[in-house]
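Q: sequence-free structure coming up:
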C-alpha cells in the first residue's frame, strides 16, 4: 500500500480542549530527571478515533509527511534491544527453571530409548553424552540472549532426534543436518529480517494509519501526529510524535511515545526523521532508561592492535548509554556525528578545528533548550569566598551572590547567599547558612546578579584514557560516566585518544609511546584548539596509563595553561619567564612580554582540577613532578586502590612502587606532606570486576564524588557526606554490598 493511500485515511484527532489536556500529561512524563519517580509513567489516553472532523479540514499537503519512516526507525531500535538481551543481577546468570525444563526433556528421551525402543546395550555412551549436553545447556543458556537460546534449543532437539532415529549413515543424517540448517536460517530471518517483513506486510494490508491534529504544521513549533498499527490478535499499538517537522520528517526537539511493550518515551533532538541525540529515553513497561549525549574528541591513534600514530583528527561523537533498569548488551553505543577529520590548520597556534565544530552546532547538550533551574552555591574555605556552579565573579574572592527567580505567573522571589563579614567563611555560622547549597526550582528561570557572569562554553572536562583503549573504547567509557553524572550544560566534555594499543604483549611499547614527544605535541595542539574555541577553565581526568601520558607531556603542554593566582599587570610581569611563553613569544628568559603577549597570557586555560584515577605512574617520579603541577593547579586528587590487580602486574614488570596502589600520604624529599587529596577506593565493592581497576564510570559513589569535585570544586575534607579522613587519606563511608538489613 502506498504512503499516499495510507495518508488518505487521515482524520483530525482531537478538539482544542482535549489536545491541551493530552499535551500537559505528556509533558509531565518527558523529564527523566524529575524528583518524583511517578513522573516516569507514560500516560497516553489516546482516544483519537472517537472524534472525526469533516474531510475538508484535512491538509492538502498531508502526503508530504513521512512519519512512517520514523516509525520504522523506532521499531528497529525496539527490536534491537529485544534481541540483544540484558545483563542480570543473578549470580552466574543461572536459572533453575531452564535446567528443570531440559532435564524433563532428557528424562523423556531416556524413557523412549529404554522403555519404548528397549535400547540398553551399546547405548550407554550415548546416554552419558546426552546427559552432559543437557546439563551444559541447562546451566549456561541464561547467559545468552533469546536469539542464541533459540538456536541452542533447536540444535539440542536435532541431537535428540539423531540419537532416537539412529541416523548413523549418510543417507539419513545428511537430510537431518539439511533440515536443521533450514530451521536455523529461518530463526535468523525471524530475528533479524522480521522488522522488514512486518513492514512489507503492514504496507500491503494497510494496517498503519496516521492522523494529525492541525490543518497545517510548522518547521519550528509543536505538531502532534499519531501512527496507529492494527494487529490481528492483539490490541492496536499507537505511537505519538509531538514536535517540529521539516521536509516531511521529524526535525528538531521532539517527543516520541510508543505504547507497545518496550516502546520508548523519547525526548530530544531529531534529524531527518531519526533520533540523533542528545536525547533521554525510557522504555514502556520495563522502565529502563537510556541517555544519548555528545562528546568532542581528538585522536591520533591509528589502530587497536598496533601502536600506529596518525595525524591529529577531531570530531564529535554521540554515545548512547543505559542509566537505569536493564543494562542492554552492546551498550554503550557510539556513532560519529562529525569526523574524524584531519586537522589541516597551518599553525598549531591558529588551530580552529574545535571552534568550527561548535559553530556548526555539531555539539549539543540535552539541556540547551532549557532555562537555568538549579545552581550550587558553596564556600571556598581556603580563599574565604563563594563558589557558584557555572558562574564566575567579576573580581576575586567575591562574598555575595543574589539569585532571583523569574516567572511569568508568580511574584519574583529573591534568594541571597552571603558569607559572614564578622567571621571567616569556614566558621560555624557560615556553614549553617549554606547547609542546603543547591537551589533547585523547576520550570522557571534563575538569574544571578550582575557581579557573576555565566561560564557557559568556557569550561571543559577532558578525559585521557589508559592502556587497552581505542577511540570508541574511550568514548564509551567516558560517555557512561557523563550519562550517570548528568553534568550541567556549561561543562563541555572532551576526549583525547592516543595510540595505547590493546595487545597484552605490547605493554612496554605502550609504556614508551606514553613518553613520545610527537604524541605530546598532538595533545598540545588539541589543547590550543580548545583555547581558541573559548575554553578558559579545564578539568582533566586521567585513568591508568593516561596519567603517565599526561605527566610526561606536561613540560610540553604547560605553556597552554595559566599559573594559578597570577594576575597579569605591570606589577608581576617578572613572574613570567621565557619558558612560560607560548611558542613564538617574543622576549627571552626573565624579560617581560610585550603588551600584545600580555593579552595572550590572559587567554590561557586555567587548570581547575587534576584527577588521577588508578594511576600507572611511579610514586618517586611523581614527587619530582609535584612542584611543577602545583604551580598551575591547586586541586590535585588521586584515587587509589590497594586491590588493583592491573597496577600490581605493572609493578612486577617495572619493579617500582606505583601511585595506583598507594593509600598512604605522600611525603616530599623534606618529609612534608604533599597538598593532594588521596582517596582510598578499597571499600567500594559494587559494579566492579575482580581487577578493581576500571570502575570509575559505573560505580555510583565514584560518579557522585567526582561530580562534587568537578562541579562544586570542593576538596576532599569538604565532601563529608561520603568521605571520612583517616590520617591525610580519605575513605568512602559505605557498608558492604552483602549487608541488606540492619
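A: Received it, and whenever you're ready, just let me know what you need. Keep in mind that what you see is a predicted model, and the values were worked out from it rather than measured.

Q: Point out where the stretch 451-600 of the chain drops to low pLDDT.
A: 455-457, 502, 504, 565-600 (pLDDT under 70).

Q: Show me the strands in it, by range?
A: Assigned by DSSP state E, counting those that start in this stretch, the strands in the stretch 451-600 of the chain fall at 452-454, 459-464, 491-497, 537-543.

Q: so residue 463 bridges to which residues?
A: Taking DSSP bridges as the rule, residue 463 bridges to residue 495, residue 541.

Q: got a list of what it touches?
A: Counting by CB atoms under 8 Å, 6 or more residues apart in numbering, residue 463 touches 474, 477, 478, 481, 493, 494, 495, 496, 541, 542, 543. Every residue, glycine included, has its C-beta placed from N, CA and C.

Q: Just the buried ones out of those, please.
A: Neighbour-count burial (16 or more other CB atoms under 10 Å) is assigned, among the contacts of residue 463, to 474, 477, 478, 481, 493, 494, 495, 496, 541, 542, 543.

Q: on that earlier part again, now the strands of the stretch 451-600 of the chain as CSV including distance to residue 245?
A: Converted to CSV, the strands of the stretch 451-600 of the chain look like this (distance: least, CB to CB, whole Å):
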stretch, distance to residue 245
strand 452-454, 32
strand 459-464, 35
strand 491-497, 30
strand 537-543, 39
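
Q: which stretch among those comes nearest residue 108?
A: When those are compared by CB to CB, strand 537-543 sits nearest residue 108, at 53.6 Å.

Q: Which residues does that closest one contact?
A: Strand 537-543 is contacted from outside by 455, 458-466, 477, 491, 527, 530, 549-550, 561, 605-615, 694, 696, 706, 710, using CB under 8 Å, 6+ apart.

Q: Report the mean per-residue pLDDT for stretch 349-363.
A: The average pLDDT for stretch 349-363 rounds to 90.

Q: buried residues in that stretch?
A: By neighbour count on 16+ other CB under 10 Å, the buried set for stretch 349-363 is 351, 353, 354, 355, 356, 357, 358, 362, 363.

Q: The helix or strand hosting the fifth one - contacts with which helices or strands?
A: This means residue 356. Secondary-structure element containing residue 356, defined by DSSP states H and E: helix 353-359. Helix 353-359 sits against strand 289-301, strand 309-324, strand 333-342, helix 517-532, with contacts defined as 3 or more CB pairs under 8 Å, 6 or more residues apart in numbering; DSSP states H and E.

Q: which is the next helix or strand following that helix?
A: By DSSP H and E, the next helix or strand past helix 353-359 is strand 374-380.

Q: what's the offset of the helix or strand just after that following strand from the middle of its chain?
A: Following strand 374-380 in sequence order, the next helix or strand is strand 385-388 (DSSP H and E). Centroid separation for strand 385-388 versus its chain: 29 Å, with CA atoms, centre = their mean, to the nearest Å.

Q: what's near enough to touch the closest residue to residue 123 other than its chain neighbours?
A: Once flanking residues are discounted, residue 123 sits nearest to residue 113: 6.4 Å by CB to CB, 6 or more residues apart in numbering. Residues near residue 113 by CB under 8 Å, 6+ apart: 119, 123, 126, 127, 163, 164.

Q: Quick one: residues contacting the fourth one.
A: Residues near residue 127 by CB under 8 Å, 6+ apart: 110, 113.

Q: just for the stretch 51-200 of the chain, where's the confidence low?
A: For the stretch 51-200 of the chain (pLDDT under 70), the answer is 51-64, 88-94, 166-171, 195-196, 198-199.

Q: residue boundaries of the strands in it?
A: Taking DSSP E, counting those that start in this stretch as the criterion, the stretch 51-200 of the chain contains strands spanning 86-87.

Q: Tell me where the model's unsure across the stretch 251-400 of the chain.
A: Applying pLDDT under 70 to the stretch 251-400 of the chain flags residues 303-306, 348, 372-373, 382-383, 390, 394-397.

Q: What is the burial count for residue 83?
A: As a burial measure, residue 83 scores 16 neighbours (other CB atoms under 10 Å).

Q: Quickly note the distance from it to residue 332.
A: Using CB to CB, to the nearest Å, residue 83 is found at 18 Å from residue 332.

Q: cool, residue 264 as well?
A: Separation of residue 264 from residue 332 (CB to CB): 17 Å.

Q: Using TSV, lay out the contacts of residue 463 together with distance to residue 621.
A: What follows is those, written out as TSV (distance: CB to CB, whole Å):
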residue	distance to residue 621
474	24
477	26
478	26
481	27
493	29
494	26
495	25
496	22
541	20
542	15
543	18
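
Q: Right, I'll call it a day here.
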